[in-house]
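Student: here's a sequence, model it:
(chains A and B, ligands or ions: 3)
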Amino acid sequence: MDNRADYLKAERSAEWREALRKTMKNKERTAQLRVHMPEAPAQERARSYVEVNSGLTAPIAMKEASRCIDCPDPTCISGCPVNINIPKFVKNIERGEFLEAARTLKETNALPAVCGRVCPQEKQCEANCFYTIKLNAEPVAIGYLERFAADYEQNSGAISIPEVAPANGMKIAVVGSGPAGLAFAGDMAKLGYEVHILEALHEIGGVLKYGIPEFRLPNKMVDVEIESLRKMGVQFETNFIVGKTATIDDLREEGFKGFFVSSGAGLPRFMNIPGENLVGILSSNEYLTRVNLMGASRQGMDTPVMRGKRVAVIGGGNTAMDSVRTALRLGAEKATIIYRRSLEEMPARVEEVKHAQEEGVEFLTLNNPIEYLGDDKGKVKQIRLQKMELGEPDASGRRSPQPVEGSEYLIDADTVVVSVGVSPNPLIPQSLPDLKVSRWGTIEVDPETLQSSIPDIFAGGDIVRGGATVILAMGDGRKAAAGMHQHLQNAR
Amino acid sequence: MANLSTTYLGLELKNPFIVGSSGLTATYEGIARLAKNGAAAVVLKSIFEEEIQMEFREALKNQLGPQDNNLDFLDYLDYQIKADVLSKTTELIRRVKADFDLKVIASIHCRSVGEWFAYAAKLQEAGADALELNIYRLPSSLEVSAAEIAEGNERIVEKVMKHVRIPVSVKMSAYTTDVAYTAQRYAQLGVKGLVLFNRFYQPDIDLENNRVVGGQVYSNPNDYTWPLRWVSILSPKVALDLAASNGVHTADTALKMLVAGAAAIQVVSSVYKNGPDYLLDLQHGLDRWMDKKGLQDMAALRAYGRAMMPENPELFERVQFMKYFGEV
Ligand SMILES: Cc1cc2nc3c(=O)[nH]c(=O)nc-3n(C[C@H](O)[C@H](O)[C@H](O)COP(=O)(O)OP(=O)(O)OC[C@H]3O[C@@H](n4cnc5c(N)ncnc54)[C@H](O)[C@@H]3O)c2cc1C
Ligand SMILES: Cc1cc2nc3c(=O)[nH]c(=O)nc-3n(C[C@H](O)[C@H](O)[C@H](O)COP(=O)(O)O)c2cc1C
Ligand code: SF4
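Tutor: Ligands and ions are numbered 1, 2, ... in the order given. Okay, here's the model as predicted:
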């Protein structure tokens, strides 16, 4: 990491950075308050698919960027899973060089417009910002600024398409088109490989398209990235299920020299409690996919299940928040989150919880379903909940929920969305007996190269991590590209 | 050759010997060895809620990334672990039922009403012939009285009964305050049998190495007297099938239990110590004695026992060493 530290130092002593630091005293910088993200009004947005956050304007972004004191030891970077050179991009915004800011982001992040919107910044870069750790003040709005720079580039029409090395004649297949696969494809294309992305669904983008809803991440942001990849020569095949349409062996015969498996974790988990198979109970996966890929107003959406009046969502992650907010948008009169721990333990991004609260979602924290009751037609009618209390912190530092004996009660619900996590889709591991997988079905890889137990297969993203974040999946894609390139070079 | 078949919890057993819940009954291979030596039934290794919680905490500790950003995956992993354990157990039940001629009794350790009753139904679906509930928890709380514990246990039993059709038995602790009353309550709730009694993990102190260690794992051959007493007392009083457990190490001890009114015998330690073929020795011992006494079947054996018992019914209820014993 010494190289990286030297590089950061050299960048920081660039003339323009030195000059910029002198334009304002640190006291003045830190005296400014953090910007607020402009938002669509809660009452209006809760019934429509407009993007909730509308983004910063240029003057406001520049002002926010001036809060950053360009620390000699920028701790924020260590909080970013892909080590974006945060001060460099922020200072470029401060001086008005927005395209340069976007380029800085893209040095390490293939999808800044996406990450600026969906990263849990409060746990990552912003949690490690000087303001947070030393001043106990609100951190520089790194996420907002990232989004601003990336959006600016997208809107400018001056999207820089990375240079592509001359074709090296090697064909590579990517299984799945989520953030891991897209990032991997970009890097491999740059190195001159012929990259084919094979995607099971009819849409490219993975969870970015079928999971995260339009009001949080408009599909067009993802399409722009896909377009760039196309221009770099990446080929996409949709409705292609690897393991079914063709096996890895078939693909080897077709001349593919390497495989990157980024097929995500799309198999919904349930709690296995009584009544869970009643009509009206479905996984968040199914719920969100139907809304996001089939369009809320189209056929099949008008089933009572999708248009529940009293919708309960079980879980506290991003998926749960997206589901419950989607329920409001589909016309639910009452949309409730049921989570067995307290608000503080929720894995969801803080902003999503806040937005959900503003939009009128009810939060039943410290409550856990133990049984579903149906009507005579087999449709869910009620949920038996048990109250929980938090016990001692466990080894992970989180306080574990304990049932309160005798605290059971019933609430009404006509739709229940179960959002308690996902498992990797077993299709690919099952078709490859030599592939090492963990007890949970995740593919085991070398942590440095992301190579699996089969030499020409690399893997990353949720299929390896079980379920993580866009930025980690993206980072894996890039790491795997470096690993596979090395492997193929050595093999030559 | 006497007919050793008996009924326990309404199940036809080819002999009274059941191998109790333990490592012996945890795997397909283990059960295969017991089946080969004539075990009439096995009680599968219990599914423990606590073990699942422990594994969950380990997973959280070891797999949580630096920024917690895989928390979505881990947040409800305990349900996944449960599902995993459950599917292994149901798979085991299916295979054992398909391949061997013995009855399979599933065992769950439950500590609260909310959590486990649902799983009972899944074990039934997989083909378990009966369910044994292992409810005991050490009453170490300063806040909880015996009455509250008893009431909590009854609620668990009630809940399970609501979710299964197969017969249910309860494995009782010898440290129950009101054994007879509790037995009667369980019978009223629909329980079909009792296992008298469970044996627990016994921590000990190692003075040489200054640490707490696991104590003696196996029972002693003379541990049988307490279960024998309770089998004798309860068998004429409650409409429950009694399985004797704890300290049955010889055919003679097994016979004493049967004479006292037990419907079946659970063995663990003696099989651990002597190997699965010891089950054959136990069956032979039983057979030989019955032949000697001219008893053709279990009904005859029980009649023999009943005829012997009423002469001094109060003997088993005596607890204090009175004058008579003082002079020994
Ligand atoms: C509703 C929801 C909200 C989320 N919110 C956030 C958030 O706010 N912030 C954040 O950082 N993370 C969030 N996440 C998590 C994040 O989206 C994932 O960690 C990330 O998308 C994983 O990327 P991936 O490339 O590994 O897999 P995915 O995005 O899951 O993509 C995998 C792709 O592979 C395809 N595929 C699967 N099997 C095959 C096959 N056999 N052949 C061909 N194709 C196949 C799938 O169809 C899919 O398109 C959210 C996830 C969900 C579900
Ligand atoms: C190694 C071992 C593991 C056991 N595991 C269980 C268990 O999982 N559940 C249970 O109810 N009893 C368990 N027991 C208790 C036995 O089922 C039995 O009740 C006890 O050992 C007394 O019987 P015995 O004298 O024949 O050994 C275990 C006992 C031993 C020795
Ligand atoms: S990618 Fe995520 S963690 Fe990194 S700087 Fe951007 S918002 Fe922060």
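Student: tally of neighbours for residue 199?
Tutor: Using chain A. Using other CB atoms under 10 Å in any protein chain shown, residue A:199 is surrounded by 24 other residues. The way it works is simple: take the backbone N, C-alpha and C, and place the C-beta from them, glycine included.
Student: actually it's chain B I care about, not the one you picked
Tutor: Number of residues near residue B:199 (other CB under 10 Å) recorded here: 20.
Student: so it makes contact with residue B:219?
Tutor: Yes - the criterion here is CB atoms under 8 Å, and residue B:199 meets it with residue B:219 at 5.7 Å.
Student: common neighbours of the two, please.
Tutor: B:246, B:268 (CB atoms under 8 Å, 6 or more residues apart in numbering or on different chains).
Student: at the contact with ligand 1, which residues of chain A appear?
Tutor: When proximity is defined as CB under 6 Å from any ligand atom, chain A approaches ligand 1 at A:118-119, A:175-181, A:198-201, A:206-207, A:211-212, A:240-243, A:262-264, A:266, A:288, A:318-319, A:322, A:349, A:425, A:427-428, A:461-462, A:468-471, A:473.
Student: which residues belonging to stretch B:164-178 are considered buried?
Tutor: Under the neighbour-count criterion of 16 or more other CB atoms under 10 Å in any protein chain shown, stretch B:164-178 has B:164, B:166-174, B:176 buried.
Student: would you turn these into TSV with pLDDT?
Tutor: Converted to TSV, the buried residues of stretch B:164-178 look like this (pLDDT from 0 to 100):
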residue	pLDDT
B:164	90
B:166	96
B:167	97
B:168	96
B:169	97
B:170	96
B:171	96
B:172	94
B:173	92
B:174	92
B:176	91
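Student: please flag which of these sit within strands.
Tutor: Taking DSSP state E, the ones among those that sit in strands are B:168-171.
Student: ok, stretch A:462-482 near chain B or not?
Tutor: Yes - Stretch A:462-482 lies within reach of chain B by CB under 8 Å from any CB of the partner chain, at A:465-469, A:471-472.
Student: any regions of the stretch 101-250 of chain B where pLDDT drops low?
Tutor: Applying pLDDT under 70 to the stretch 101-250 of chain B flags residues B:111-116.
Student: is residue B:105 in a helix, a strand, or coil?
Tutor: strand (DSSP: H, G, I helix; E, B strand; the rest coil).
Student: you'd agree it is up against residue B:39?
Tutor: No - counting by CB under 8 Å, residue B:105 does not reach residue B:39; the two are 11.4 Å apart.
Student: for residue A:488, see how far away residue A:170 is.
Tutor: To residue A:488, residue A:170 is 6 Å away according to CB to CB, to the nearest Å.
Student: overlap in contacts, these two.
Tutor: In contact with both residue A:170 and residue A:488: A:257-258, using CB under 8 Å, 6+ apart.
Student: mind naming the longest helix for the chain?
Tutor: Since no chain was named, I'll use chain A. Ranked by residue count, the top helix of chain A under DSSP state H comes out as helix A:470-491.
Student: I was after chain B.
Tutor: Criterion DSSP H: the longest helix present in chain B is helix B:77-99.
Student: now tell me what touches that one from outside.
Tutor: A:269-272, A:420-421, A:423, A:439-440, B:27-28, B:31-32, B:35, B:42, B:44, B:47, B:51-53, B:55-56, B:59-60, B:102, B:104, B:106, B:119, B:122-123, B:125-128.
Student: list only buried entries from the residues you listed.
Tutor: For those, buried by 16+ other CB under 10 Å: A:269-271, A:420-421, A:423, A:440, B:31, B:35, B:42, B:44, B:47, B:52-53, B:55-56, B:59-60, B:102, B:104, B:106, B:119, B:122-123, B:126-128.
Student: what are the buried residues along the lowest-mean-pLDDT helix or strand in chain A?
Tutor: In chain A, no helix or strand scores lower on mean pLDDT, DSSP states H and E than strand A:399-403, which sits at a mean of 84. By 16+ other CB under 10 Å, the buried positions in strand A:399-403 come out as A:399-401, A:403.
Student: and what of stretch A:71-81?
Tutor: A:71, A:74-77, A:79-81.
Student: for stretch B:11-27, same thing?
Tutor: Neighbour count says stretch B:11-27 has B:11, B:13-22, B:24-26 buried, by 16+ other CB under 10 Å.
Student: angle of the longest helix of chain B against strand A:399-403?
Tutor: 60 degrees (axes from the mean of the first three to the mean of the last three CA atoms, to 10 degrees).
Student: buried ones in helix B:77-99, by neighbour count?
Tutor: So, applying 16+ other CB under 10 Å, buried residues of helix B:77-99: B:77-83, B:85-86, B:89-90, B:92-93, B:96-97.
Student: show me how the record splits chain A into domains.
Tutor: A:2-156, A:171-266+A:424-491, A:268-422 (automatic domain parsing).
Student: out of the ones you listed, which gets the lowest mean score?
Tutor: Across those, domain A:268-422 has the smallest mean pLDDT, namely a mean of 89.
Student: ok, that domain near chain B or not?
Tutor: Yes - interface with chain B: domain A:268-422 contributes A:269-274, A:315-319, A:347, A:368, A:370-371, A:386, A:394-396, A:398, A:400, A:403, A:405, A:408, A:420-422 (CB under 8 Å from any CB).
Student: in strands, which of the residues you listed appear?
Tutor: Using DSSP E, the residues of domain A:268-422 next to chain B in strands are A:368, A:370-371, A:386, A:400, A:403, A:422.
Student: partners of residue A:196 in the sheet?
Tutor: residue A:173, residue A:235 (DSSP bridges).
Student: for residue B:227, see how far away the residue lying closest to residue A:335 once chain neighbours are set aside is.
Tutor: Leaving aside its sequence neighbours, residue A:335 sits nearest to residue A:327 (CB to CB, 6 or more residues apart in numbering or on different chains; 4.3 Å). Look at residue A:327 and residue B:227: by CB to CB, they are 57 Å apart.
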